[in-house]
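Enquirer: pasting the sequence and the predicted coordinates here, then a few questions.
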Amino acid sequence: MLTLDSCRAMALCNNAKLESARLEIESARQTKYAAFTKYFPTLSIAAGYFRSQNYLIDVSSESSGAKIDATLRFDGESMEDRVQAAQAELDRFGVNIDLQSEIDNFVDRFSYDIKLQMIDRGLSANALVTQPIFVGGRIVNGNRLAKLGVDVAELKLLMSEREVLFNVEQYYWQVVMLRLKLMPCNQALVLLDTLCRDAEAAVHAGVIARTDLLKVRLRQNEMRQTRSQLLNGIELATMALCQYIGQPYNDSVSIDIDTAFFGAGHENNGAFPYANCSTIQVSSRPEYSLLESAVHAERLRCKMIVGEVLPQVAVGATYGIQDLTGVYRQNGILFATISIPITAWWETTHNIRKQKLAIRMAENTRNDNAELMALQQRQAYNSLREAYEQISLKNQAASDAAENLMDVKNYYDAGLTSVSDFLEAQTLLYQALNQYSDQLIDYKLKELRYRQLITEESLRTK
């Protein structure tokens, strides 16, 4: 036995759309956690090794034809000055020796081959820690934007829940409507069966013509066809309801309609239950909160753009080791940086103006939709009141049709009216009962729609 409350509870648990909305909330929370990590220092470690085919530094005097220029100095005097002084002494004593030529001949007897080869492999490692101090407010505003994303995801979940509850009630009331239509159909068939037996007896007795009996049997066939269509419709509508709430369907599934309406006999004698709800503010609706969040998000994005051209300050430290010559060398550095973009102001100014236009568009969308939502609520309220007032009229029409059928039956039993009048009276009652059932369901659906537009909690509590 499925009740309205049980159908709603199962739909909230099993609906795939709600599961996706819950996963979207978790995704937004992970984005929020990721944005929070921007407050903390960043640490990076890099290491590298290389091996080259040839030495990176390779100098050879023999292969390059290099020449060596040597300059010797003695007590502040150059070699050339000393040779000239010694040559002067030899000349003074009459020694015939060319000292510079002798020195050149002596030096020419020497040969040299200088070769320098360095660095064919190396190893380095470095660690860098950076702590942002101020980055134009982008970290703070980025975290606010991430938190707003979580709020928006929760609002979307709430709206999805309302949509699911609205749909499941529509499926439920569709089954109830068909079940309600089945009851007068069964009553009409019972009445027609009795009338058919009486008409057959009357035909045999020669009281009425066979044409009247044919009219009764034709009406019977029509009602039986209607009953078959209603049973098929009930089965399909129940299957659709079970599929939506995530429950398997079988022949034992049934819908409880005894508590679905106003009370015993589905009478509607009380006052309009929503007489004091016509001035509900649209600001309580999640749709409006979603529009307000869109405006807030655009403002935060504007602050993020402004932060791109503000000074950025950070402190940090780096420590590294390297081995290029077979000896490990270590070094550590503490540093502070400040970056002030200058030319970026030109481009960013236009981006800020563009973002301010986006803020105005979001505000216009919010205001326009707020007015439309207020109009939507008023229209739903008026439709609900009209549907409520029609229930009494349809109920009265059904009561009048039932009294008319009783009167016609009495006249028929007394032989004062024809079978056609009896069938017409029965048809009027059947139509009146169907219209009353349709009006009950119409009111329930309009009530559901109006409660959906008031607050998110009313849909769960009513």
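Expert: Alright, I've got the coordinates.
Enquirer: what's the pLDDT at Arg344?
Expert: One thing to correct before we go on: residue 344 is Ala, not Arg. Looking at Ala344, its pLDDT is 85.
Enquirer: OK, contacts around Ser437?
Expert: Met177, Leu180, Lys181, Pro184 (Cβ atoms under 8 Å, 6 or more residues apart in numbering). For glycine as for every other residue, the C-beta is placed from the backbone atoms N, C-alpha and C.
Enquirer: my guess is the last one contacts Gln435. True?
Expert: Looking back up the chat, that one is Pro184. No - look at Pro184 against Gln435 with Cβ atoms under 8 Å: they stay out of range, at 10.4 Å.
Enquirer: ok, which stretches of this protein are strands?
Expert: For the chain, the strands defined by DSSP state E occupy 42-51, 57-60, 73-74, 77-78, 115-118, 121-135, 312-323, 328-339.
Enquirer: picking that back up, now the contacts of Ser437 as a markdown table including neighbour count and distance to Ala294?
Expert: Below are those laid out as a markdown table (neighbours: other Cβ atoms under 10 Å; distance: Cβ to Cβ, whole Å):
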| residue | neighbour count | distance to Ala294 |
| --- | --- | --- |
| Met177 | 23 | 39 |
| Leu180 | 23 | 44 |
| Lys181 | 21 | 45 |
| Pro184 | 19 | 51 |
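Enquirer: keep only those of those residues that are in helices.
Expert: With helices defined by DSSP state H, the entries of the contacts of Ser437 inside them are Met177, Leu180, Lys181, Pro184.
Enquirer: among the strands of the chain, show the one with the smallest mean pLDDT.
Expert: strand 73-74 (a mean of 58).
Enquirer: looking at the strands of the chain, which is closest to Arg301?
Expert: strand 121-135 (15.7 Å; Cβ to Cβ).
Enquirer: angle of that closest one against strand 42-51?
Expert: 160 degrees (axes from the mean of the first three to the mean of the last three Cα atoms, to 10 degrees).
Enquirer: pairing partners for strand 121-135, with directions?
Expert: strand 42-51 (antiparallel), strand 312-323 (antiparallel) (DSSP bridges).
Enquirer: okay, and for this structure, where does confidence drop off?
Expert: Within the chain, the ranges that satisfy pLDDT under 70 run 59-77, 107-117, 258-270, 277-280, 455-462.
Enquirer: can you give me the helices in it?
Expert: With DSSP H as the criterion, the chain has helices spanning 4-14, 16-36, 61-64, 79-92, 99-108, 138-205, 210-245, 286-307, 344-413, 419-454, 458-461.
Enquirer: closest one to Arg121 among the ones you listed?
Expert: By Cβ to Cβ (comparing all of the helices of the chain), the closest turns out to be helix 61-64, at 22.6 Å.
Enquirer: got the buried residues for stretch 195-208?
Expert: Of the residues in stretch 195-208, Leu195, Asp198, Ala199, Ala202, Val203, Ile208 count as buried by neighbour count, 16 or more other Cβ atoms under 10 Å.
Enquirer: for the closest residue to the last one other than its chain neighbours, give me its contacts.
Expert: Taking Cβ to Cβ, 6 or more residues apart in numbering as the measure, Ile208 lies nearest to Ala202, with 4.5 Å between them; neighbours along the chain are not counted. With contacts defined as Cβ under 8 Å, 6+ apart, the neighbours of Ala202 are Ile208, Asp212, Leu213.
Enquirer: kindly recompute the last result at 10 Å.
Expert: Each residue near Ala202 by Cβ atoms under 10 Å, 6 or more residues apart in numbering is listed here: Ile208, Ala209, Asp212, Leu213, Gly415, Val419.
Enquirer: before we move on, what about Cys7?
Expert: Here Cys7 is in contact with 165, 168-169, 171-172, 175, 241-242, 244-245, 247, 255-256 (criterion: Cβ under 10 Å, 6+ apart).
Enquirer: ChimeraX command to pick out the buried ones of the residues you listed?
Expert: Of these, the buried ones go into a single ChimeraX selection, burial set by 16+ other Cβ under 10 Å:
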select :165,168,169,171,172,175,241,242,244,245,247,255,256
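Enquirer: quick check, nearest of the contacts of Cys7 to Ile352?
Expert: Checking these one by one against Ile352 (Cβ to Cβ), the nearest turns out to be Leu165, at 43.1 Å.
Enquirer: and that closest one, how far is that from Glu235?
Expert: 24 Å (Cβ to Cβ, to the nearest Å).
Enquirer: next one: Gln87
Expert: From Gln87 over to Glu235 (counting by Cβ to Cβ), the distance is 133 Å.
Enquirer: with distance to Met79 added, can I get the ones in helices among the contacts of Ser437 in JSON lines?
Expert: Output for the ones in helices among the contacts of Ser437, formatted as JSON lines (distance: Cβ to Cβ, whole Å):
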{"residue": "Met177", "distance to Met79": "123"}
{"residue": "Leu180", "distance to Met79": "127"}
{"residue": "Lys181", "distance to Met79": "128"}
{"residue": "Pro184", "distance to Met79": "135"}
